[in-house]
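J.: attaching a predicted model along with its sequence, questions to come.
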Amino acid sequence: MKRIHVFEFEDLAWFPNWFRRCMTRLIIVMHKLLKTDEELAELLAGIIKETQITSIVDLCSGSAGPLPSAVNILKEKHGIENIKLTLEHV
């Protein structure tokens, strides 16, 4: 498959900041409606149990999406207490 270079309007300097915030909030709402945090927690639980790696670094995902909630599910449902989540915004 040929590489397609695309961009996101909200990453451009001229894009209104208030609209950018609305878009990232909508992403969070959609994650909550679709319960992606539960699916993500299930996937991560398997990886963490197999690798014993409990540190997650989230790079620029726009308000972290479902990760903070998924980490809570990992702690409560899967008993993975020593998990560390780092949110980075570059």
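T.: Noted; the coordinates are in hand.

J.: do you know how far Cys22 is from Phe15?
T.: Between Cys22 and Phe15 the computed distance is 11 Å (Cβ to Cβ, to the nearest Å). Quick note: C-beta positions are derived from backbone N, CA and C, even for glycine.

J.: list the contacts of the closest residue to Ile83 other than its chain neighbours.
T.: Excluding the flanking residues, the one nearest Ile83 by Cβ to Cβ, 6 or more residues apart in numbering is Thr54, at 4.7 Å. Contact analysis of Thr54 by Cβ atoms under 8 Å, 6 or more residues apart in numbering lists Ile48, Ile80, Asn82, Ile83, Lys84.

J.: mind redoing it with 10 Å?
T.: Leu44, Ile48, Leu74, Ile80, Glu81, Asn82, Ile83, Lys84, Leu85 (Cβ atoms under 10 Å, 6 or more residues apart in numbering).

J.: what do you get for Ala45?
T.: Going by Cβ under 10 Å, 6+ apart, the list of residues near Ala45 reads Ala70, Ile73, Leu74, Lys77, His78, Gly79, Ile80, Ile83.

J.: so it is in which element?
T.: Element membership for Ala45 (DSSP states H and E) is helix 36-51.

J.: what's the following helix or strand after that helix?
T.: Heading C-terminal from helix 36-51, the first helix or strand you meet, by DSSP H and E, is strand 55-59.

J.: and that next one, what does it pack onto?
T.: Secondary-structure packing of strand 55-59 (3 or more Cβ pairs under 10 Å, 6 or more residues apart in numbering; DSSP states H and E): helix 36-51, helix 67-77, strand 84-88.
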